[in-house]
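K.L.:
Here's a sequence, model it:
(2 chains)
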Amino acid sequence: MIRLPLVLFLSATLFATGVYGVLARRNAVLVLMSIELMLNAVNLNLVAFSQALRDITGQVFALFVITVAAAEVGIGLAIVILIYRNRETINVDEVNLLKW
Amino acid sequence: MTGAEVAFVIIGLVAVIGAFRVVTSRNVVRAALYLVVTLSAVAGVYLILAAEFVAWVQILIYVGAIVILFLFGLMLTKAPIGREALDNQRRGVAFLVSLAILAGLIYLFWGAFDWDAPRLDPVEGTTAAVGESIFSRFILPFEVVSFLLLAALIGAIVLSRRDDRP
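P.N.:
Okay, here's the model as predicted:
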């Protein structure tokens, strides 16, 4: 027995924290961690709405999001390590080759 | 407040404090360990919401695999430690943007969902329903996700392999 808005406020706070991390951090691995925080906020909403609406689809979607997040972290870290090997830095401010 | 709500508020506070430390910590390894705290607290919230399968998948995949990947990533890249090295100069703007997003989301939720609506009564024992749903209605997305994981696996190997031959 729990109020739905409470869960939504928690997920909004987690999402805003993740946004701050993505914008303020310079280390690419820490940016990826902040993205995980935002994905967790989304999953929290999916599960809460799944229980509120008595529909299992939300939980299945949360599982899919977790799987895609795992793939994203794997590829992201591979790219980060490749950048580190080539540029000796993972500072996202200095990796601006594609910046117009 | 019901007992579940008290437990939720305590676990939610742990999650928020952990998340805050993830984005402000000056030591990258500590940030990764605070991420463990946040992810475990979110798994606790899933348990309160009676979504036990999602909770254990969260523990296994996030805490067990993804954080370990992050720690390996930190180990293989030499990161300088300290505030100026980890955070950029536009912290203030970032803080304002995230505050605006938080205010906007809370305003939206406050307008869209009635605080005095009946409390949600979680359905318990959802694992069987989740399994049934994945392997009947969502079988095609399930296969697509499997293919995506395979592609990500091969992609990660190809990207991080050291090419010795010219």
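K.L.:
Tell me where chain B has helices.
P.N.:
For chain B, the helices defined by DSSP state H occupy B:3-24, B:28-48, B:52-57, B:67-76, B:83-86, B:91-112, B:127-134, B:139-160.
K.L.:
longest helix anywhere in chain A?
P.N.:
Assignment by DSSP H gives helix A:57-87 as the longest helix of chain A.
K.L.:
wait, does that one contact chain B?
P.N.:
Yes - applying Cβ under 8 Å from any Cβ of the partner chain, one finds that helix A:57-87 is in contact with chain B at A:57, A:59-60, A:62-64, A:66-75, A:77-82, A:84. C-beta coordinates here come from the backbone N, C-alpha and C atoms, glycine included.
K.L.:
any idea of the pLDDT on the residue nearest the centre of chain B?
P.N.:
Geometric centre of chain B, nearest residue: B:Leu39, 5.6 Å, by Cα atoms, centre = their mean. Predicted confidence (pLDDT) at B:Leu39: the value is 95.
K.L.:
residue contacts, it?
P.N.:
Counting by Cβ atoms under 8 Å, 6 or more residues apart in numbering or on different chains, B:Leu39 touches A:Glu36, A:Asn40, B:Gln58, B:Ile59, B:Tyr62, B:Val63, B:Val67.
K.L.:
rerun that using 7 Å as the cut-off
P.N.:
Residues in contact with B:Leu39 (Cβ atoms under 7 Å, 6 or more residues apart in numbering or on different chains) are A:Asn40, B:Gln58, B:Tyr62, B:Val63.
K.L.:
Give me the spatial nearest neighbour of the third one, chain neighbours excluded.
P.N.:
Using Cβ to Cβ, 6 or more residues apart in numbering or on different chains and skipping the chain neighbours, the partner closest in space to B:Tyr62 is B:Leu39 (4.5 Å).
K.L.:
about what we covered before: please work out the average pLDDT along the longest helix of chain A.
P.N.:
For helix A:57-87, mean pLDDT is 91.
K.L.:
A:Phe49: which of the contacts of B:Leu39 is nearest?
P.N.:
Nearest to A:Phe49, judged by Cβ to Cβ, of these is A:Asn40 at 15.1 Å.
K.L.:
Can you classify that closest one as helix, strand or coil?
P.N.:
helix (DSSP: H, G, I helix; E, B strand; the rest coil).
K.L.:
can you pull the pLDDT of it?
P.N.:
Among the per-residue scores, A:Asn40 shows a pLDDT of 94.
K.L.:
From B:Val45, how far off is the residue nearest to B:Tyr62?
P.N.:
11 Å (Cβ to Cβ, to the nearest Å).
K.L.:
and if you look at B:Ile139?
P.N.:
From B:Ile139 over to B:Val45 the distance is 29 Å, taken as Cβ to Cβ.
K.L.:
the more surrounded of the two?
P.N.:
Between B:Ile139 and B:Val45, counting by other Cβ atoms under 10 Å in any protein chain shown, B:Val45 is the more crowded of the two (27 against 11).
K.L.:
for that one, what are its contacts?
P.N.:
Going by Cβ under 7 Å, 6+ apart, B:Val45 touches A:Leu44, B:Phe8, B:Ile11, B:Gly12, B:Ala15.
K.L.:
Does chain A have contacts with stretch B:76-95?
P.N.:
Yes - residues of stretch B:76-95 are located near chain A by Cβ under 7 Å from any Cβ of the partner chain, namely B:Leu76, B:Thr77, B:Ala79, B:Leu86, B:Asp87, B:Asn88, B:Arg91, B:Ala94, B:Phe95.
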